[in-house]
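K.L.:
build the 3D model from these lines:
(3 chains)
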Amino acid sequence: MSASPSTQTRRDWKALLTRHEMLLLYVLIAEWLFFYFAGTTTNRRGVVVGFGTLDRQFDILRHSCEIGLLALALTPVIITAGIDLSIGSLLGLCAILFGKLWHDGGLPIPVAAGLTLALGALAGGLNAILITALRLPPLIVTLGTYSLFRGLAEAITHGAITYTDFPASFLFVGQERWLGLPTQAWIFLGVALGVGLLVHRTTFGRAFRTIGFSPEGARYAGLPVARRLALVYVLAGLIAAIAAIIYTARLGQAKADAGTGYELFAITAVVLGGTSIFGGSGTVHGTLLGVAAIAVLKNGLACLPVVMRMNAAEEMSGLLTGALLLLALTAGVLPKILSRFRARHHAPAP
Amino acid sequence: MKRFFRELSVLGALAAVLVGMAIFAPAFFSPQPLLSLLTREAPTLVVACGMACVIITRQIDISVGSMFSVCSVCAGLLAARGWPLLLVLPASVALGALLGAVNGLLVAGLRLPSIVVTLATMVTLRQGLNLVRQGEFVNLPDRIQWFGLSQMAGQLVLVGASVVFLVALALAMRHVAAGRFVYAVGTDAEAARLAGIRPQLVTFLVFIFIGALTGLAAMMNLAQSPQVQPLSGAGLELKVIAAVVVGGVAISGGRGNLWGAFTGLLLLACVSPALIHLHIEAYWEKAIQGAIILLAVVADGLRTRRLNR
Amino acid sequence: MSPAPLLALRQLVKNYGGVRALRGVDFDLQAGEVHALLGENGAGKSTLIKVITGAHQPNGGTLTLAGQRVANLTPSTARALGIACIYQQPALFPDLTVAENLALRLEATSASSRIDWPARRARAEQWLARLGAEISPEAEVRSLSMPEQQLVEIACALGAGARIVIMDEPTASLTQKEQRLLFAVVRDLRKNGVGVIYISHRLEEIFALADRVTVLRDGQSVGTHAVGDIDEAGLIRLMVGREVAQIYPAAESTPGHRVALSLRAVGCRASGVHNVSFEVRSGEIFGLGGLVGAGRTELARILFGITPADSGEITLHGQRLTLRSPQAAVAQGIAYVPEDRRRHGVVLELSIAHNLTMAIHRRFFPTTWLRFGAERALALDFIRDLAVKCAGPDAPGGSLSGGNQQKVSLARWLATKPKLLILDEPTQGVDVGAKSEIHKIIRRLAKEGLAVILISSDLPEVIGMSDRIGVMGGGTLRAILPGGSAPHDVMAAALGTTERGAA
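P.N.:
Okay, the predicted model is just below:
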């Protein structure tokens, strides 16, 4: 039967300490320390520059908000054993729509922002309808919308238009600090809290997990599978829109190529964080750690003198992130493969 | 007849577009631009053939664009170093096959989802290439251009070669057992295993195959311009997947053929010049591409639903 | 007197864990003979087939093929030795043509060999013509009906040169015309010296087609007779033979008179159920008996909204029900504990507590906010109530034994406080101890006023537990018998040999 409370608690703590997220935390700390020592120097004037400065850390925070938001958006999707390749393109489209609504439409910033959020959710709704009502595979649907959304962004801007000259009050969101942290960090934390609660503390999250482990089992339990799936894709669209607004505020401009390539970083963050690509298991705090690991990697590389000399920060981070994703995936399936290997080479008892 | 309804409907759509072009923009059919179009699309056709095989086995490969770039640059560097064409070509194909083997190992060996694996290899390859080359072009020696022939002759060779390849592969898919294994594995890997086929091996080989084809396509592209741009191959995967899916190859595996992929490719290739001739700006291309993919998939989905009712 | 039999089984024993599926079966098959195999569910027929086709190894006894002892059969060696089995679910490639399917199964092709399509087509045509089947070799298997797919499977067997063909309920989904076709095929096989093992519940078929019939009961062969030497009644006697020796908890109260569930002419074309009418009263255990394929699970799926009815009326406590989805069914008070525990029951990766509250999200967590403490308490309650042996409410579903998984599955549905509880094979694969506990729980539920439909293939269980027994066959309700009826009567009704449609 169940163990006594004290041994159970001790066992729980031990399990907690070796769980995936804890291991990732150790890696994150190690990574941070590495970049701290390798990437921080004192310049000629005796000022500390590089990775170890507060400015740099805040920069990391700023840069990681957008990818972090996309990773948060992807977490419920992947937990349901689905995928959404279109969120990076949707970020670009929403950025453009936001710029257009404000610039050409003359709408005040808050209204434009609200409308953009609605449009983002609507775009997510397109994915949702195709996937739930028509039972189409999420892979090809989001591959199609990946192209469609980016294409629409390019078409609307004629490939050339960039929206700039946003008011300072808006840029505050992306470039200034509020209560000690970069403004967008607060938004990010808010969304992280929301998604975290949704996934871990509500029946919706339970349903996501069940659907990911066993879609048929979820159906036979009377869960509204189609509605829940629709929710994760609409939510992803909404969050991508939020990320688009923050992106625009940070850069001070809205361009059609916003968010290009972000889906890789987002998916890597989610998988690194321990969410299984096959669905069912995954945590939001794991995703946050994964985002942190990638953000530190990306920005830390830019601080290394050797990388700075080569001027290859972006390439290095992309390269390493891709390799990291492969490693994380392999590590994820390794236990399964080892047990299968063992089973085949040990005669099974009748 | 009924069996190939999907492929025939794409052919019908292509015919409709061509008729439309004939009426509204007859300039499209002038021989030189048409030949140029077909020549430009010849490498894409080769890769599309490989992609059709991959998708029929119920996998996907979005790293072909990056593989294409890597093979192009490496082949270009070898050529610039003085290697003869006869060695550069197989080198490019071999490199492509090697890259494809990495994908294949991860997907078939570790049973990882191909979408995520090829997403990772796509970015790793692209960024690795950028890191090494820093965006530098590779200037190609003249003897590579059009294989040393005149432009017209070179174009005809490329177009002809791609068509011959298409026909040969289509026949092989139908008349060689290995081709049928591909269909069997894509339809029902477990039943295939019980019938004596090895699904993991088939999957592994299919990824090597598309890698090799990408290497070949890279060479075909090399012969068309005086230098290799590092961005060559960008967007190739989407173009090819769109062509194949539009042409009737089902994402769920087991269905479709190369003729459909060919027709789909032609249909999509007409979109860009059609836009020009219809005076629609070119930046609508990506959106239309995405819309076409979705329409094709929705049509397939509706048809399946009606069949299963 | 007769030559060595094609296949001879002597004292075959097969155990699965603690369950003795075959306890010394004797069976032989002559060349050119149609030998029927009869037995109720769980008698050991499918286990016997698995042993003959090499899917499972016997634990004892001998298997002799044409005079040669054979040991360590595998599916591929069995196939090579000429043993073929036609299952109810054909294992064909849906997207490929008939000709290609046949070729893939029958030809051992190397990867580089050239395919001769005309030859393939001709060969397919040849085999299909032998069967008299009007199927084009170019047809996609996906477009064929189930009976047509079965004929293709038979063509596969023929093409493989099988000497022993096993047919498992082949006529279950065939029309009259297709059945006659099949009989002609079987007779043709017999003429060619093939030995056919014919498993069927349709006694009229057995009498029409078979030369001999062997009856299995509780893992043993209880009689082999020439078809002319025995009659229906005799067969049924052999099938049910023993006394209902097990003790079932007695009904502690008579069910009330209030009608809970009422079905009138309910049917669903897609699942083959038609014209089912009966009533279940509150506090009554209504057993649904019948043989495999009778349509009981299909009826349950209609009631649970998985395959909605397209005809008839379903009423629960006077309310007309529209059951378009499981969600709707649950909302209207119906609970279904499914037969396929692995796929539709307990989600193995989730904890017991999570599994328990899976169907009551709306009621238990009204604000959608999860209440772990309350959930844990509920889980502990049920664990105690149903005596679930587990390591605690947080243990994953996969750590439980079959019987305990079943209890958790049951608990999940009890938590919904349903008005109608449908149990589909609740004690299948469950050990004796847990079985008895589950029976007691079911009785208690009935006593508390719940209307229960108990689907079971275990004849003693259905007879011992039910207040009334609805016997289904061929997709419709054949008879309603009182609880405690003689097994003979129930079996006869299931086989459709007594008066039809007693209400």
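
K.L.:
does the most centrally placed residue in chain C belong to a helix, a strand or coil?
P.N.:
With distances taken as C-alpha atoms, centre = their mean, the residue of chain C nearest its centroid is C:V292 (4.1 Å). Here C:V292 is coil, with the state taken from DSSP: H, G, I helix; E, B strand; the rest coil.

K.L.:
wait, what's in contact with it?
P.N.:
With C-beta atoms under 8 Å, 6 or more residues apart in numbering or on different chains as the criterion, the residues that contact C:V292 are C:41, C:169, C:201, C:457. The C-beta positions use only the backbone N, C-alpha and C, and glycine is treated the same way.

K.L.:
among these, which has the minimum pLDDT value?
P.N.:
The member of the contacts of C:V292 with the lowest pLDDT is C:N41, at 71.

K.L.:
then that one would be within a helix, right?
P.N.:
No - the assignment for C:N41 (three-state DSSP) gives coil, which keeps it out of a helix.

K.L.:
so who does residue 27 touch?
P.N.:
You didn't pick a chain, so chain A it is. A:A293.

K.L.:
you answered for a different chain; I wanted chain C.
P.N.:
Under the criterion of C-beta under 8 Å, 6+ apart, the contact partners of C:F27 comprise C:7-9, C:12, C:37, C:48, C:214, C:221, C:224.

K.L.:
what pairs with it across the strands?
P.N.:
Each beta-bridge partner of C:F27 is listed here: C:L9, as defined by DSSP bridges.

K.L.:
interface residues of the stretch 201-350 of chain C facing chain B?
P.N.:
Taking C-beta under 8 Å from any C-beta of the partner chain as the criterion, chain B has no neighbours within the stretch 201-350 of chain C.

K.L.:
also the stretch 51-200 of chain C?
P.N.:
C:75, C:91-96, C:100, C:104-105, C:108-115, C:117, C:138, C:140, C:142.

K.L.:
I'd like to know which of those are part of helices.
P.N.:
When DSSP state H is applied, these are split such that C:75, C:100, C:104-105, C:117 fall in helices.

K.L.:
now those in CSV, with distance to C:L316, pLDDT and neighbour count?
P.N.:
Conversion of these to CSV gives the following (distance: C-beta to C-beta, whole Å; pLDDT from 0 to 100; neighbours: other C-beta atoms under 10 Å in any protein chain shown):
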residue, distance to C:L316, pLDDT, neighbour count
C:P75, 47, 77, 14
C:E100, 49, 87, 24
C:L104, 49, 82, 26
C:R105, 48, 78, 24
C:W117, 57, 84, 16
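
K.L.:
of the residues you listed, closest to B:L105?
P.N.:
C:L104 (26.7 Å; C-beta to C-beta).

K.L.:
hang on, isn't that closest one packed against C:T97?
P.N.:
No - the criterion here is C-beta atoms under 8 Å, and C:L104 misses it with C:T97 at 10.4 Å.

K.L.:
what's in contact with the helix or strand harbouring C:A36?
P.N.:
If you go by DSSP states H and E, C:A36 is part of strand C:34-38. Outside of strand C:34-38, the residues that reach it under the criterion C-beta under 8 Å, 6+ apart are C:27, C:29, C:45, C:48, C:186, C:190, C:195-201, C:206, C:209-216, C:227, C:235, C:238-239.
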